[in-house]
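In: Give me coordinates for this.
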Amino acid sequence: MRKKIAHILLGREKQITKDETVLQPLPHKDFRFANPFIVLHHMGPENIVPGQELRIHPHPHRGFSPVTFQLQGEGYHKDNAGNDEIIKAGDVQWMFAGKGILHSEGPTKELLKNGGTQELIQLWVNVPQAHKWDEPCYQSATKTMQPEVLKQEGVHLRLVSGEYEEQTGPMKSFTPVTTIIGEIQQGKRVDIRAVPGYWTLIYVISGSVNINDEPVSFHHLAVLEKDNDQVILDAAEDSKILFLSALPIEEPLAAKDNFVMNTEEETNQAIAEYKNGAFGTLEF
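Out: Here you go, the predicted model:
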């Protein structure tokens with residue numbers, strides 16, 4: 001039976017550094033969180049001119065996983081847990097901040113030198129209280145490592161995490177999280193099944209689709225009801241979408257600055273520890 005759409009949320013501009021502005025459909029003034037999905041940022045597409053300097057300098061995280069879907073260009077990640085990697089268009093990186101990490105991120109030196117287009121999505125995925133103080137870790141997957149699902153002519157959707165059509169996405173998570181990203185050609189129909197009781201969200205990166213007969217255009221996030229299991233996508237234009245579905249984390253939630261914890265005391269503790277230097281240092 002088809003799911004109903006509970007909210008359609010337009011991404012609003014949010015300045016995250018003096019040089020960087022993103023679209024943020026989640027959290028939204030009309031809907032806060034779909035725990036474990038806490039924040040969704042869409043950066044770009046941004047034209048980088050040759051010689052431009054652009055980088056988000058070292059900053060801390062604790063208690064969740066920042067996940068980056070590189071849509072165009074190249075991203076360079078470095079953290080003080082020893083991870084240092086370039087991801088390219090179609091690749092995904094899934095960093096788990098755990099008890100605390102510093103990282104920096106931005107276009108590669110090559111992209112800054114030669115210019116080009118940069119576009120990405122960053123998703124914050126929460127983890128249960130039992131894992132918030134685990135050691136940080138890092139994983140990534142190239143585009144070719146992500147199995148195609150819902151295959152048909154004109155549809156190119158890739159499974160990044162979770163289980164779908166008896167396949168397994170390469171990214172691992174503490175709780176069941178299914179992420180599917182890709183392109184749907186105008187006029188094509190896709191029938192996606194979600195687990196009843198799970199959060200189900202669809203972000204339209206570009207183009208326009210009808211989700212169970214309701215039009216949803218680019219830069220909007222559809223939050224569907226938890227009941228039922230069927231999601232029919234009809235592409236009104238050539239479109240790119242991100243499908244998210246996850247087992248809800250039914251725990252208290254406190255998100256502040258760059259930290260996602262269970263209580264306000266824990267987020268304030270993280271802020272104080274960062275200011276005191278407990279997160280260490282990072283040369284980049």
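In: Can you tell me the centre-most residue of the protein?
Out: Nearest residue to the geometric centre of the chain (C-alpha atoms, centre = their mean): Leu123, 2.3 Å.
In: Not including adjacent chain positions, what is the nearest residue to Asn212?
Out: Arg2 (4.7 Å; C-beta to C-beta, 6 or more residues apart in numbering). No exception for glycine: its C-beta is placed from N, CA and C like everyone else's.
In: For the one you found, the count of nearby residues, please.
Out: Using other C-beta atoms under 10 Å, Arg2 has 15 neighbouring residues.
In: and if you look at Phe69?
Out: So Phe69, with other C-beta under 10 Å, has 23 neighbours.
In: Lys14 too?
Out: Quick note: Lys14 (other C-beta under 10 Å) scores 12 neighbours.
In: how about it, what does it touch?
Out: Residues near Lys14 by C-beta atoms under 8 Å, 6 or more residues apart in numbering: 21-24, 41.
In: about what we covered before: pretty sure the residue nearest to the centre of the chain is in contact with Phe37, am I right?
Out: Yes - Leu123 is within contact range of Phe37, at 6.8 Å (criterion: C-beta atoms under 8 Å).
In: Give the residues shared as contacts by the two.
Out: Contacts common to Leu123 and Phe37, judged by C-beta under 8 Å, 6+ apart, are Leu244.
In: Tell me how far the residue nearest to the centre of the chain lies from Lys29.
Out: 19 Å (C-beta to C-beta, to the nearest Å).
In: circling back to that earlier point, give me the subset of the contacts of Lys14 lying in strands.
Out: Under the assignment DSSP state E, the contacts of Lys14 contribute 21-24, 41 to strands.
In: host element of the nearest residue to Glu163 once chain neighbours are set aside?
Out: For Glu163, ignoring the flanking residues on the chain, the nearest one in space by C-beta to C-beta, 6+ apart is Thr178 at 6.9 Å. Element membership for Thr178, per DSSP states H and E: strand 177-184.
In: what number of residues lie near Asn258?
Out: 19.
In: Can you list phi and psi of it for me?
Out: Torsion angles at Asn258 (phi, psi; degrees, to the nearest 10) stand at phi -110, psi 30.
In: State the distance from the nearest residue to it once chain neighbours are set aside to Tyr76.
Out: In space, and not counting its chain neighbours, Asn258 is closest to His61: 5.1 Å by C-beta to C-beta, 6+ apart. Going from His61 to Tyr76 by C-beta to C-beta gives 17 Å.
In: so how far is Ser140 from the closest residue to Tyr198 other than its chain neighbours?
Out: In space, and not counting its chain neighbours, Tyr198 is closest to Ser245: 5.0 Å by C-beta to C-beta, 6+ apart. Distance of Ser245 to Ser140, computed by C-beta to C-beta: 21 Å.
In: So in that sheet, which strands flank the strand holding Thr178, and in what orientation?
Out: strand 155-161 (antiparallel), strand 239-246 (antiparallel) (DSSP bridges).
In: returning to that earlier point: tally of neighbours for the residue nearest to Glu163?
Out: The burial count for Thr178: 23, using other C-beta under 10 Å.
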